[in-house]
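K.L.:
how would this look folded up:
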Amino acid sequence: MALVATIGTWFITALGAATVVFFRKPKDKILNVMLGFAAGVMIAASFWSLLQPAIERAEQTLATPAWLVAASGFLCGAFFIWASDKAVSFAQHTKGRHGVSRENARMKRIIMLIFSITLHNIPEGLAVGVAFGALAGNNYSDEGLMGAISIAIGIGLQNFPEGAAVALPLRREGVSRPKSFFWGQVSAIVEPIAGVIGAALVMKIQTMLPFALAFAAGAMIIVSVHELIPESQSGSKKSPYSSTMGIISGFAVMMMLDVMFG
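P.N.:
Just a heads-up that it's a prediction; the model follows:
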């Protein structure tokens, strides 16, 4: 059941990524709005999908103060992305031997974006797996089953804008539509894997999940602030609020989905 549910959440991510096929060569203004929308989605998801559940789960399952678990996980996630960014930049610099070229900088943004969304999808898959794994044996109940299904539906609906949040910025960077779709949907392929692991190791995963959720939140925030938002502001002198409105819209959409189905 956990596998079927997480395949469903992955499929909805693929539907979100498929929105990229409607864009041939969007204008810079539209692309800035898309990039801002992706940043807004990621910022909202980092709190309502990750930090808030991390704090709630830590309060329910751990003796360690919830604020300490959330803060340490958040900082570790941000540090991990920072270290990964430095490693990617060093590898590209070594390969080019003439500094970081424009193409290398573009590839770095693509890698960081895919990486952060993929990290975010791992704890979401674990959350679905834990919900279904908790029904094993004598713990099964119709109420528990409906609760697990609700979690899967909520995460699936959240995944639609997340799929677009990967595919559309890749298109913004000049990646072809088929490749943008591929990377948009593949970022969520970790969810079925994590879901099965979560169901199999439900008791141990529950203690690890709060830290993992906060870790993913830190990763998403640093990518949004350091990569997506500055890039969405490029060439925005004629329409300075285009990307800002994209950020606000993405935040609002993700917030509503998280609150309604979280």
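K.L.:
report the rounded mean pLDDT for the helix or strand containing Gln185.
P.N.:
Counting by DSSP states H and E, the element that carries Gln185 is helix 177-186. Across helix 177-186, pLDDT averages out at 88.
K.L.:
tell me the buried residues in that helix?
P.N.:
For helix 177-186, the neighbour count (16 or more other CB atoms under 10 Å) marks Arg177, Ser180, Phe181, Phe182, Trp183, Gly184, Gln185, Val186 as buried. In short, each C-beta sits where N, CA and C put it, glycine included.
K.L.:
quick one: list the elements packing against that helix.
P.N.:
The contact analysis (3 or more CB pairs under 8 Å, 6 or more residues apart in numbering; DSSP states H and E) places helix 177-186 against helix 2-17, helix 142-172.
K.L.:
sorry, back to before: tabulate the buried residues of helix 177-186 in a markdown table, adding columns for distance to Ile43.
P.N.:
Formatted as a markdown table, the buried residues of helix 177-186 follow (distance: CB to CB, whole Å):
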| residue | distance to Ile43 |
| --- | --- |
| Arg177 | 26 |
| Ser180 | 22 |
| Phe181 | 24 |
| Phe182 | 25 |
| Trp183 | 21 |
| Gly184 | 19 |
| Gln185 | 22 |
| Val186 | 23 |
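K.L.:
what is the nearest of those residues to Ala194?
P.N.:
Using CB to CB, Val186 comes nearest to Ala194 of the buried residues of helix 177-186, at 14.2 Å.
K.L.:
still on that earlier bit, mind putting the helices and strands packed on helix 177-186 in TSV, distance to Ile122, mean pLDDT and mean neighbour count included?
P.N.:
As requested, these are exported to TSV (distance: least, CB to CB, whole Å; pLDDT from 0 to 100; neighbours: other CB atoms under 10 Å):
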stretch	distance to Ile122	mean pLDDT	mean neighbour count
helix 2-17	11	91	22
helix 142-172	12	77	22
